[in-house]
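Undergrad: predicted model and sequence below, questions to follow.
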Amino acid sequence: MVIKESSVSVSIPNELLPLLRDLANGKSVDENVRISLAIGLFVSKTVSLARAGEIAGLSLNDFIFIVKTKNIPWVDYTETDLDRDEMAVQELIRNWETNDSNILPLLGDR
């Protein structure tokens with residue numbers, strides 16, 4: 001997706017510039033602001049991970065790397081997701097036990 005840009009002038013106190021640089025690690029103040037804005041929008045769940053990467057002007061992998069280095073969770077794995085996964089595993093085990101399927105040769109030597 002191509003993002004149309006507008007030029008906006010924003011005054012930032014000098015003491016915030018190092019913090020902005022630390023948060024975003026961009027090559028310029030403009031890049032740091034874009035990345036910081038993208039992080040904020042992603043954390044507030046205003047935009048998706050992919051959209052935040054686009055806003056930051058980064059590839060999805062690069063944006064994920066940045067949020068990971070800032071210890072920001074980039075995957076939303078809920079308690080409900082865990083419960084569903086546990087039920088699916090239990091169902092697979094039951095099916096395997098009742099069918100006594102010959103699944104071990106499919107798994108190979110592990």
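TA: Sure, I can see it. Residues are numbered from 1 along each chain as shown.
Undergrad: what helix or strand is the nearest residue to Val10 once chain neighbours are set aside on?
TA: Among residues not flanking Val10 along the chain, Val33 sits closest, at 7.4 Å (Cβ to Cβ, 6 or more residues apart in numbering). Placement of C-beta: from N, CA and C, glycine included. Secondary structure assigned from DSSP states H and E places Val33 in helix 29-43.
Undergrad: got the buried residues for stretch 20-38?
TA: For stretch 20-38, a neighbour-count test (16 or more other Cβ atoms under 10 Å) marks Leu20, Leu23, Ala24, Gly26, Asn32, Val33, Arg34, Ile35, Ser36, Ala38 as buried.
Undergrad: can I assume the second one is in contact with Asn32?
TA: When you say that, I think you mean Leu23. Yes. Applying Cβ atoms under 8 Å, one finds Leu23 in contact with Asn32, separated by 7.2 Å.
Undergrad: now for the two: what residues contact both?
TA: Residues touching both Leu23 and Asn32 (Cβ atoms under 8 Å, 6 or more residues apart in numbering): none.
Undergrad: could you pull up phi and psi at Gly57?
TA: phi 80, psi 30 (degrees, to the nearest 10).
Undergrad: and it, what pLDDT?
TA: Turning to Gly57, the model gives it a pLDDT of 93.
Undergrad: I'd say it and Val33 touch.
TA: No. The pair Gly57 / Val33 is not scored as a contact, 10.8 Å apart, by Cβ under 8 Å.
Undergrad: and for Leu58, the neighbour number?
TA: 19 (other Cβ atoms under 10 Å).
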